[in-house]
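K.L.:
No letters, just coordinates:
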């Protein structure tokens with residue numbers, strides 16, 4: 001099970017870096033996606049990094065979020081800049097099945113990490 005960390009309370013315009021410690025599988029073998037679920041909304045994909053290192057972002061975070069990975073630590077990161085109140089959500093990471101941009105998962109989720117953007 002993957003373990004997410006790094007969330008917290010940040011002011012609008014601020015930054016955070018989330019971490020996803022991946023267990024049981026190599027990052028060279030699977031794509032990892034970051035997802036989020038805001039209160040009262042469905043979970044949505046926001047970014048993904050494929051097994052080959054190709055990255056994908058949804059339009060609402062493109063230019064503000066950066067996904068990266070450390071193969072030695074088997075960890076995927078999500079750097080979030082210029083945060084907005086609408087970025088407030090619980091953020092999750094999960095292996096992605098198929099192409100990264102499809103954000104299809106096996107629907108096995110960790111506890112996530114809460115990001116709150118508020119002044």
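P.N.:
Cool, got the structure. Computed from a predicted model, the values in this text were never measured in an experiment.
K.L.:
the helices in this structure, which residues?
P.N.:
Assigned by DSSP state H, the helices in the chain number zero.
K.L.:
Find the residue at the geometric middle of it.
P.N.:
residue 34 (2.4 Å; C-alpha atoms, centre = their mean).
K.L.:
got the contact list for it?
P.N.:
Under the criterion of C-beta atoms under 8 Å, 6 or more residues apart in numbering, the contact list for residue 34 reads 18, 20, 45-48, 65, 67, 76, 78, 91-93. In this view, the C-beta of every residue, glycine as well, is placed from N, C-alpha and C.
K.L.:
With residue 57 as the reference, measure out to it.
P.N.:
Between residue 34 and residue 57 the computed distance is 10 Å (C-beta to C-beta, to the nearest Å).
K.L.:
what's the overlap in contacts for those two?
P.N.:
Taking C-beta under 8 Å, 6+ apart as the contact criterion, the common neighbours of residue 34 and residue 57 are 46, 47, 65, 67.
K.L.:
Can I get those residues in a markdown table including pLDDT, distance to residue 8 and neighbour count?
P.N.:
Written out in a markdown table, the entries for the shared contacts of residue 34 and residue 57 read as follows (pLDDT from 0 to 100; distance: C-beta to C-beta, whole Å; neighbours: other C-beta atoms under 10 Å):
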| residue | pLDDT | distance to residue 8 | neighbour count |
| --- | --- | --- | --- |
| 46 | 97 | 17 | 23 |
| 47 | 98 | 19 | 25 |
| 65 | 98 | 16 | 21 |
| 67 | 98 | 19 | 24 |
